[in-house]
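Asks: need a structure here:
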Amino acid sequence: QVQLVESGGGSVQAGGSLRLSCAASGRTGRIYAMGWFRQAPGKEREFVAAINWNGANTLYADAVKGRFTMSGDNAKNTVYLQMNNLKPADTAVYYCSRGTTVRPITSAYDYWGQGTQVTVSP
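Replies: This next block holds a predicted model:
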């Protein structure tokens, strides 16, 4: 089993920044890819960003390109999502996930965290 624990969520005003962290523990084995997804009330879970195991390959949703940056620390089994210039539309629960490849679809990921709330006020 793999456990993923997110942290760093909170409430900010538009234009502000937050940094999310996701720590993996348990039988992590070799982690091929990690992803961030988000889900707003009444909406489907959507892809935000993903990174491969060595950080050489990253993928971002168009809605966050240029504002969000995903990075990882293999030694700590932790990935981060730096979110700048936040907008009210970014309000959602953010989920960390472990996957087999860098792809923008939920089916490519097999373990999920519990999520952390991000709220951006106008």
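
Asks: for this structure, just list every one of the strands.
Replies: 2-7, 10-13, 18-26, 33-39, 46-52, 58-60, 68-73, 78-83, 92-99, 109-112, 116-121 (DSSP state E).

Asks: sheet partners, orientation included, of the first one?
Replies: In this case it means strand 2-7. Partners of strand 2-7 in the sheet, by DSSP bridges, are strand 18-26 (antiparallel).

Asks: what's the offset of the partner strand from the middle of its chain?
Replies: Its chain's C-alpha centre and that of strand 18-26 lie 9 Å apart, by Cα atoms, centre = their mean, to the nearest Å.

Asks: circling back: mind putting the strands of the chain into JSON lines with mean neighbour count and mean pLDDT?
Replies: C-beta: built from backbone N, CA, C; applies to glycine. Below are those laid out as JSON lines (neighbours: other Cβ atoms under 10 Å; pLDDT from 0 to 100):
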{"stretch": "strand 2-7", "mean neighbour count": "17", "mean pLDDT": "94"}
{"stretch": "strand 10-13", "mean neighbour count": "13", "mean pLDDT": "98"}
{"stretch": "strand 18-26", "mean neighbour count": "18", "mean pLDDT": "94"}
{"stretch": "strand 33-39", "mean neighbour count": "23", "mean pLDDT": "97"}
{"stretch": "strand 46-52", "mean neighbour count": "22", "mean pLDDT": "97"}
{"stretch": "strand 58-60", "mean neighbour count": "17", "mean pLDDT": "97"}
{"stretch": "strand 68-73", "mean neighbour count": "18", "mean pLDDT": "95"}
{"stretch": "strand 78-83", "mean neighbour count": "23", "mean pLDDT": "96"}
{"stretch": "strand 92-99", "mean neighbour count": "22", "mean pLDDT": "96"}
{"stretch": "strand 109-112", "mean neighbour count": "16", "mean pLDDT": "94"}
{"stretch": "strand 116-121", "mean neighbour count": "17", "mean pLDDT": "98"}
